[in-house]
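Asker: next input, structure requested:
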Amino acid sequence: MKISDIRANAYSMPFVSPSYPIGPYHFVNREFFIITYRTDIEALRAVVPEPLTVTSPLVSFEFIRMPDSSGFGNYTESGQVISVVDMDGKPASYTHMMYLADESPMAGGRERWGFTKKLANPKLSVESDTLLGTLDYGPVRIATGTMGFKYQTLDIEAEQRKLAETPCYLLKIIPHVDGKPRICELVRYFSQNVKMHGAWTGPARLELFKHALAPIADLPVLEVVGAKHLICDLTLGLGEVAFDYLKV
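Answerer: Numbering: from 1, shown residues only. Have a look, this model is predicted:
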């Protein structure tokens, strides 16, 4: 195998059988169950990296069902997204923790963008009149979210604009062989080609449970302020480096 071949074809590990295709990555009928809640603002400031800033105590806990994802397959994901203000003074989101049980999007998300993905077992389903999201870390239940199913319709165009226009940020860390960071960047990406099929809200509740290796309850639920259920198609943008911590 020639050096030129490696340079031309290396984008994922293992080289001879990459964990995911090179993309782009398009999602059909991607389903979001998002519960937004108020938490301790000082706890948020302790986990959000500069130069992002925290001005409100809001966190969104997300259960995301992805039945048709190019290159990634059929899987469900769950985690926390924090409301922040970015370096340009714009409202944005910062992905704090994500959990799933599918190797391809786990490897691709971590290596390419810096998604904070860990192995766990999230589920999203409709149980009678209730939209139900659960997250298990091993045998331990660490999150349960519920919402009345399609209680009230939301403005589809407004939800589509929010999803497409909000910049999203990730802290990407890849270590050197000596354990020091070789890449340490704040990555910005957008959802592209968003086509919203439906959007609803309803009464909602969220419970988070403490776990040593999945510390989602470190951002405690003080008050649920809203919830929504979205179904859409979108393309995951490849992103850009917004800030390089090793060049400061």
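Asker: elements contacting whichever helix in the chain runs longest?
Answerer: Criterion DSSP state H: the longest helix present in the chain is helix 156-165. Counting contacts by 3 or more Cβ pairs under 8 Å, 6 or more residues apart in numbering; DSSP states H and E, helix 156-165 packs against strand 191-201, strand 223-236. In short, each C-beta sits where N, CA and C put it, glycine included.
Asker: adding mean neighbour count, mean pLDDT and distance to residue 59, write the ones you listed out as CSV.
Answerer: Putting the helices and strands packed on helix 156-165 into CSV (neighbours: other Cβ atoms under 10 Å; pLDDT from 0 to 100; distance: least, Cβ to Cβ, whole Å) gives the following:
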stretch, mean neighbour count, mean pLDDT, distance to residue 59
strand 191-201, 17, 98, 17
strand 223-236, 19, 98, 10
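Asker: just send those back as JSON lines, with distance to residue 135 too.
Answerer: Shown next, in JSON lines, are the helices and strands packed on helix 156-165 (distance: least, Cβ to Cβ, whole Å):
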{"stretch": "strand 191-201", "distance to residue 135": "21"}
{"stretch": "strand 223-236", "distance to residue 135": "16"}
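Asker: nearest to residue 50, out of these?
Answerer: With respect to residue 50, and counting by Cβ to Cβ, the nearest of these is strand 191-201 at 24.5 Å.
Asker: burial count for the closest residue to residue 109 other than its chain neighbours?
Answerer: Of all residues not flanking residue 109 in the chain, residue 115 sits nearest, at 3.4 Å (Cβ to Cβ, 6 or more residues apart in numbering). Taking other Cβ atoms under 10 Å as the criterion, the count of residues near residue 115 is 24.
Asker: all numbers from here: first residue = 36
Answerer: Got it, first residue is 36 now, which makes that one residue 150.
Asker: residue 150 in helix, strand or coil?
Answerer: coil (DSSP: H, G, I helix; E, B strand; the rest coil).
Asker: quick one: contacts for it?
Answerer: 130, 133, 144, 205 (Cβ atoms under 8 Å, 6 or more residues apart in numbering).
Asker: which residue packs closest to the last one, ignoring adjacent ones?
Answerer: It stands for residue 205. In space, residue 205 is closest to residue 149, 4.2 Å off (Cβ to Cβ, 6+ apart).
Asker: just give me the neighbour total for the one you found.
Answerer: So residue 149, with other Cβ under 10 Å, has 23 neighbours.
Asker: I'd guessed it sits against residue 222; true?
Answerer: Yes - counting by Cβ atoms under 8 Å, residue 222 is a contact partner of residue 149 at 5.1 Å.
Asker: shared neighbours of the two, anything?
Answerer: Common neighbours of residue 149 and residue 222, using Cβ under 8 Å, 6+ apart, are 205-207.
Asker: most neighbours among the residues you listed, please name it.
Answerer: Counting by other Cβ under 10 Å, top hit in the shared contacts of residue 149 and residue 222: residue 205 with 24 neighbours.
Asker: tell me how many other residues crowd residue 251.
Answerer: Count around residue 251 with other Cβ under 10 Å applied: 23.
Asker: return the backbone torsion pair for it.
Answerer: phi -70, psi -30 (degrees, to the nearest 10).
Asker: right, and it touches residue 243 too?
Answerer: Yes - if you go by Cβ under 8 Å, residue 251 and residue 243 touch, sitting 5.3 Å apart.
Asker: what touches both of these two?
Answerer: With Cβ under 8 Å, 6+ apart as the test, residue 251 and residue 243 both reach 96, 177-178.
Asker: out of these, which is nearest to residue 218?
Answerer: Nearest member of the shared contacts of residue 251 and residue 243 to residue 218, counting by Cβ to Cβ, is residue 96, at 28.2 Å.
Asker: and for the helix or strand of the chain with the lowest mean pLDDT, what's in contact with it?
Answerer: Lowest on mean pLDDT, DSSP states H and E among the helices and strands of the chain sits helix 38-44, with a mean of 93. For helix 38-44, the external contacting residues (Cβ under 8 Å, 6+ apart) are residue 50.
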